[in-house]
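Enquirer: sharing a model prediction with you, sequence too.
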Amino acid sequence: DFALRSSISFRRAGDLTTGDRSRASGSPAPVLIPNSQFAKYNYKVDVTRRGRHHHFELGLLADEAWDIGYPALLMDARRASSHLAHVEHIWAPDQPLLSSVRTKLYLSDVDHWMDDEDRDVTQRRVMRDMHMPMEGHARTWGLLQSAQLGSQRQTLRFVLDAYQVQAFADMEMISVRPDVTPMYLVNIGDARRRHLAITADYQRWLTPRLQARANARVDAADQDLHDTIGRQQMKATWGAQDPAHRFATPSLSLTLVYRRSPSSSWTFGLSRSARLPTPLESYGFFLFTPADNYFYTGRPDLGVERSRQLELSWDYAHDGRRLTLRLYDNRIYDYITGVVQESIFKTYENIDAARLWGIEVGFATPLAAGLIIHGDASYTYGRNESFDEPLPFVPPLEARVGITHESPRVLWGVNSRWVTRQDRVADQTTLEDETPAFSLVDVRAEIRLWGHYRLDVGIDNLFDRYYWEHLSVGNFPSPGRNLRVGLEFGF
């Protein structure tokens with residue numbers, strides 16, 4: 001009853017080539033974007049032992065990357081390294097009420113080294129004539145414990161989630177001019193957070209057609225800065241207040257599911273939730289955010305962000321046909337966002353209110369034996385009610401339609417994606433710009449060869465469109481036509 005599972009992969013890519021710009025701007029066809037290369041490998045190893053009542057697992061996941069170009073950022077990554085190890089035990093006793101008990105311990109560490117040695121810093125607009133080598137690391141350990149009790153009509157699940165995270169990052173600022181004295185900055189001053197969350201989730205069939213689910217969660221956390229320079233920087237910015245902070249906040253939700261027939265159901269959900277500020281939002285110091293080209297400084301006394309969401313959905317599935325509809329309205333209070341202070345500098349603040357509402361639809365239906373047409377669409381409307389403007393970084397209306405055919409040996413598909421223009425952009429709280437509409441077509445095929453061999457072939461962006469996503473950093477263009485070929489085999 002022992003098993004070993006492992007995998008390893010290596011990827012290396014040269015500079016990115018965009019799609020054909022001639023249709024979009026009249027300029028010459030595809031453009032090679034310098035300094036967009038990368039190289040990486042990762043591996044995963046899991047060892048498991050299964051018994052009648054007990055299951056043990058030990059796992060390791062590692063990722064190493066180097067020579068990573070970020071043309072949309074101020075710096076590139078010379079090296080990035082991450083490791084995640086876990087040990088897990090699942091107990092499934094022969095008891096009428098106790099279904100299972102799961103215990104998981106995990107450790108992770110992430111390190112990165114960034115610099116701009118390959119950049120001409122005399123030509124850039126931000127921090128001109130300044131090299132800024134940066135190092136950082138994050139260490140996390142955690143415990144995840146869950147127990148599930150149940151019967152035919154009801155289940156009760158308890159979850160305990162405890163973890164500690166420690167993060168540090170610093171930066172040197174070295175001018176190309178010899179008469180300027182080098183400077184040193186601590187971007188995250190050894191921020192440490194201890195977080196404990198306890199969740200209870202109860203589900204029960206009230207009638208043969210009506211199911212109710214109630215979820216209650218309590219989050220408690222304390223955090224502080226432990227680096228002397230980091231504490232001094234925060235004191236100089238915000239005064240003599242202690243950077244240490246404690247949180248305790250509840251979240252509640254209620255969901256009702258009504259099964260009108262074996263093939264269709266309605267779901268109604270109501271929730272009141274809370275989000276604690278992240279260590280970066282609390283303690284980050286002059287951290288550059290490429291999404292809007294601002295330098296952000298955290299605020300140690302940030303409060304908890306709270307939200308109330310109402311959700312309604314309908315699902316239908318019968319004889320291979322599927323229809324889905326989802327509507328939601330989320331009102332956010334004490335919303336955490338960056339507020340401009342001067343020039344290109346922001347601080348994180350709690351603002352009064354924001355709102356997000358949206359709709360999602362999906363469908364699938366067979367056209368012939370093995371041939372299916374499927375699609376989905378989504379739209380989100382966001383508004384910053386405190387500043388009376390759109391919420392930034394909200395994607396536009398998007399739709400996908402595809403056809404898939406599957407036979408015993410071959411699966412092929414043609415998928416299209418349609419994205420409309422996004423002209424609802426923020427102009428008070430961030431430097432957001434509009435993005436044009438675009439459409440894409442991708443094709444793929446999966447061929448089962450002999451034994452356990454499988455050939456995967458795909459072409460992304462078949463017509464070589466030049467485009468960029470609304471959430472793309474610095475309007476960085478997406479890849480042009482891209483051929484993917486893979487061979488998978490097992491033993």
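Expert: That came through, no problem. Just so you know, these numbers come straight off a predicted model, no measurement behind them.
Enquirer: can you map out the helices along the stretch 201-350 of the chain?
Expert: Counting by DSSP state H, counting those that start in this stretch, the stretch 201-350 of the chain has helices at residues 228-238, 279-283.
Enquirer: if I look at residue 422, how far off is residue 397?
Expert: Counting by Cβ to Cβ, to the nearest Å, the gap between residue 422 and residue 397 amounts to 9 Å. Bear in mind the C-beta positions are built from the backbone N, C-alpha and C, glycine included.
Enquirer: now render the helices of the stretch 201-350 of the chain as CSV, adding distance to residue 73.
Expert: Supplementary listing: those in CSV, determined by distance: least, Cβ to Cβ, whole Å:
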stretch, distance to residue 73
helix 228-238, 23
helix 279-283, 16
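Enquirer: would you mind giving the ones you listed as a markdown table with mean pLDDT, mean neighbour count and distance to residue 12 added?
Expert: Formatted as a markdown table, the entries for the helices of the stretch 201-350 of the chain read as follows, by pLDDT from 0 to 100; neighbours: other Cβ atoms under 10 Å; distance: least, Cβ to Cβ, whole Å:
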| stretch | mean pLDDT | mean neighbour count | distance to residue 12 |
| --- | --- | --- | --- |
| helix 228-238 | 92 | 16 | 37 |
| helix 279-283 | 94 | 23 | 31 |
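Enquirer: nearest to residue 78, of those helices?
Expert: For the helices of the stretch 201-350 of the chain, proximity to residue 78 was assessed by Cβ to Cβ; helix 279-283 is nearest, at 21.8 Å.
Enquirer: pull the CA atoms of the closest one into PDB?
Expert: Coordinates of each C-alpha in helix 279-283 appear next as PDB, following Å, rounded to 0.1, in the frame of the first residue of the first chain:
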ATOM      1  CA  PRO A 279       1.200  42.600   5.700                       C
ATOM      2  CA  LEU A 280       2.100  44.600   2.600                       C
ATOM      3  CA  GLU A 281      -0.900  46.800   3.000                       C
ATOM      4  CA  SER A 282       0.000  47.300   6.700                       C
ATOM      5  CA  TYR A 283       3.800  47.500   6.500                       C
END
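Enquirer: phi, psi of residue 397?
Expert: Main-chain dihedrals, residue 397, degrees, to the nearest 10: phi -60, psi 130.
Enquirer: so what's it up against?
Expert: Residues in contact with residue 397 (Cβ atoms under 8 Å, 6 or more residues apart in numbering) are 377, 378, 379, 419, 420.
Enquirer: now the strands: where do they sit in the stretch 351-491 of the chain?
Expert: In chain order, the stretch 351-491 of the chain shows strands spanning 371-384, 389-390, 398-406, 410-419, 438-448, 453-460, 482-489, with DSSP state E, counting those that start in this stretch as the criterion.
Enquirer: isn't residue 260 right next to residue 209, touching?
Expert: Yes - under the criterion of Cβ atoms under 8 Å, residue 260 lies in contact with residue 209, with a separation of 7.3 Å.
Enquirer: among the helices and strands of this structure, which has the poorest mean pLDDT?
Expert: Per-element confidence for the chain was summarised using mean pLDDT, DSSP states H and E. The lowest value among helices and strands belongs to helix 22-25, with a mean of 53.
Enquirer: winner for burial among the strands of the stretch 351-491 of the chain?
Expert: Each of those was given a mean neighbour count from mean count of other Cβ atoms under 10 Å, and the largest, a mean of 19, is that of strand 389-390.
Enquirer: quickly run through the sheet partners of it, with directions.
Expert: strand 371-384 (antiparallel) (DSSP bridges).
Enquirer: angle of the partner strand against strand 410-419?
Expert: Our comparison of strand 371-384 with strand 410-419, counting by axes from the mean of the first three to the mean of the last three Cα atoms, to 10 degrees, yields an angle of 30 degrees.
Enquirer: residues contacting the residue lying farthest from the centre of the chain?
Expert: Relative to the mean C-alpha coordinate of the chain, counting by Cα atoms, centre = their mean, the farthest residue is residue 179 (43.3 Å). The neighbours of residue 179, taking Cβ under 8 Å, 6+ apart as the test, come to nothing; the list is empty.
Enquirer: repeat for residue 255
Expert: If you count contacts by Cβ under 8 Å, 6+ apart, residue 255 has them with 212, 213, 214, 215, 267, 268, 269, 270.
Enquirer: swap in residue 352?
Expert: Here residue 352 is in contact with 333, 334, 335, 385, 386 (Cβ under 8 Å, 6+ apart).
Enquirer: over to residue 407?
Expert: By Cβ under 8 Å, 6+ apart, the neighbours of residue 407 are residue 370.
Enquirer: what about 10 Å?
Expert: The contact partners of residue 407, taken as Cβ atoms under 10 Å, 6 or more residues apart in numbering, are 369, 370, 371, 448.
Enquirer: swap in residue 204?
Expert: When contacts are counted by Cβ under 10 Å, 6+ apart, residue 204 touches 151, 153, 154, 155, 156, 210, 211, 212, 213, 214.
Enquirer: again with residue 103
Expert: With contact set as Cβ under 10 Å, 6+ apart, residue 103 has these partners: 87, 88, 89, 90, 91, 143, 144, 145, 146, 147, 160.
Enquirer: most widely separated two among those?
Expert: Within these, 87 and 147 form the most distant pair, 18.0 Å apart (Cβ to Cβ).
Enquirer: ok, so of the contacts of residue 204, who is nearest residue 476?
Expert: Minimum separation from residue 476 among the contacts of residue 204 (Cβ to Cβ) is found for residue 213, which lies at 41.6 Å.
Enquirer: who is the residue nearest to residue 219 when sequence neighbours are not counted paired with across the strands?
Expert: Excluding its sequence neighbours, the residue lying closest to residue 219 (Cβ to Cβ, 6 or more residues apart in numbering) is residue 197, at 4.8 Å. On the basis of DSSP bridges, residue 197 takes part in beta bridges with residue 161, residue 219.
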